[in-house]
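Enquirer: only the shape, not the letters, is given here:
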RNA sequence: UGCCCCUUAGCUCAGUCGGUAGAGCAGCUGACUGUUAAUCAGCGGGUCGUUGGUUCGAGUCCAACAGGGGCAGCCA
């Protein structure tokens, strides 16, 4: 056996020929008097290979073991299919079963299961139509991300996953420590694992100071952009927020481009180009999987994606958006006033009702945005942007960064942050500072958008959320 | 973190007023010369999430716990 062999995807695209083999897992079997049909899947593409087994070809014992979930190698001839739904099929002459799958206990079936149930058997769900498609599209999208940046001369940079800088400021962090040790407690009826804290002094911890999992690679990416000009990160990101929604994960993958000599206008242009490029790439290269999502998951998916790939995004300033919201005539649960952050219901109205496609909001009040965003001349707003998309809300958050040393320093002090910790970040403004901008994009939110999947936990193989780290 | 909902067969669900359990699919057996979520007939399948309480009697009412989910906030 060798990984260099013919896969289901290749067989389905081949002309009839003798002496072929196919490896995979049985999805279903159908029996008639003189013939049995097996749908064989190996994950190489959306469609299954239909295996035709004439009665008497295989021993009864073998045929009986060809149940949903079994892994098998079929040998035979690839022939033109007289039935509808496929151009070729494999006429079996032999079958070797590697692993049987007891149909009375195998939890996957050919008929509907809920997303919630499949999430609890996440180690098996990839064998079904939906999750096979999700993870193929995920891989294609990741490739498209790299391709997009590579074609534009961006350098992929690897910012640290463990960070001792608690100044990233993007949310609650997970601690990374060796001061804790697991101990078994046998005093109760059932033994349980407890934590023992060696001591409470961070100086004796592994890194000699408190360390955390990164919540953003942005600040480090900025340092790399101040030498490589155009860079991006694409890696895991961690937030210890107690968020329980269909669009938050504790561990997710984020894409963060950062560009030197670039204004917010260039940043917006990149964000829009990026989204439209990835969507077009998937329309061109994942059409079978997208057709399935359009048919079974989200009926408006294809028309929406095609529309977005071919039309420019609406641009609005925060202040204009607030005016639209105030005169909308809608009765929101929370009224919209200038100076406060937009509620989810406001964002939804703007992108779904008012505009009907992605919208970029810019120039937010400085008090509701991060310290590093560049201040406008009005002294009240900053060069921030959020890209909002129908159905999923905020998909991108970015800004032009504050490149003026004095303004940045006073902003850090104003917000009560420990200025000593930012010494290296401030150095960028001391030595060859340059206007620069970037954004952060949640990869799983992008995947929700392009697949139509409704819960972010269903576009990552194993989700990490508060109270859940199974598998 | 706050508010709300759900948990009955392997899966998806019904179960009225509190009176001791139902369907479809899956599985098994059989029928059918080529099916596409095949079809048809028959059969088996239950600690009603767990613990406690109210009651003559609890799937049904109450409480706690466990698991799952929705909305909001935080954000990507």
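Expert: Cool, the structure landed. Predicted model only: the values in this text are computed from it and were never measured.

Enquirer: quick one, domains of chain A?
Expert: A:8-99, A:131-458 (automatic domain parsing).

Enquirer: in JSON lines: those domains, plus mean neighbour count and distance to residue A:121.
Expert: Bear in mind the C-beta positions are built from the backbone N, C-alpha and C, glycine included. JSON lines is the format used below for those (neighbours: other CB atoms under 10 Å; distance: least, CB to CB, whole Å):
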{"stretch": "domain A:8-99", "mean neighbour count": "16", "distance to residue A:121": "12"}
{"stretch": "domain A:131-458", "mean neighbour count": "17", "distance to residue A:121": "10"}
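
Enquirer: among the ones you listed, which is nearest residue A:112?
Expert: domain A:131-458 (9.9 Å; CB to CB).

Enquirer: model confidence over that closest one, on average?
Expert: Domain A:131-458 carries an average pLDDT of 92.

Enquirer: kindly check the end-to-end length of that domain for me.
Expert: 8 Å (CA to CA, to the nearest Å).

Enquirer: and the domains of chain A as CSV, adding distance to residue A:465?
Expert: Listed next are the domains of chain A as CSV, based on distance: least, CB to CB, whole Å:
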stretch, distance to residue A:465
domain A:8-99, 26
domain A:131-458, 6
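
Enquirer: with distance to RNA strand B added, can I get those in JSON lines?
Expert: Listed next are the domains of chain A as JSON lines, based on distance: least, CB to the nearest atom of the strand, whole Å:
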{"stretch": "domain A:8-99", "distance to RNA strand B": "2"}
{"stretch": "domain A:131-458", "distance to RNA strand B": "3"}
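
Enquirer: who touches stretch A:142-158?
Expert: A:217, A:220-221, A:224, A:228, A:230-235, A:255, A:257, A:273-274, A:277-278, A:281-282, A:285, A:443 (CB atoms under 8 Å, 6 or more residues apart in numbering).

Enquirer: in strands, which of these appear?
Expert: A:230-235, A:255, A:257 (DSSP state E).

Enquirer: how far does stretch A:224-240 sit from its chain's centre?
Expert: On the basis of CA atoms, centre = their mean, to the nearest Å, stretch A:224-240 sits 16 Å off its chain's mean C-alpha point.

Enquirer: er, stretch A:132-143 actually
Expert: 9 Å.

Enquirer: mind listing what residue A:413 touches?
Expert: residue A:419.

Enquirer: for it, grab phi and psi.
Expert: phi -70, psi -40 (degrees, to the nearest 10).

Enquirer: show me where the stretch 351-471 of chain A has helices.
Expert: Per DSSP state H, counting those that start in this stretch, the stretch 351-471 of chain A carries helices over the ranges A:405-414, A:423-430, A:443-451.

Enquirer: correction: chain A
Expert: A:8-12, A:60-65, A:115-120, A:129-151, A:218-228, A:264-285, A:287-296, A:301-310, A:318-326, A:344-348, A:405-414, A:423-430, A:443-451 (DSSP state H).

Enquirer: with residue A:396 as the reference, name the closest of those.
Expert: Once the helices of chain A are compared by CB to CB, helix A:264-285 is nearest, at 5.3 Å.

Enquirer: what does the closest one rub up against?
Expert: So helix A:264-285 is contacted by A:137, A:140-141, A:144-145, A:147-148, A:257, A:259, A:262, A:290, A:302, A:305-306, A:308-309, A:312-313, A:315, A:358, A:360, A:362, A:374, A:383-385, A:387, A:395-396, A:398-400, A:437-439, A:441, A:446, A:450 (CB under 8 Å, 6+ apart).

Enquirer: done for today, thanks.
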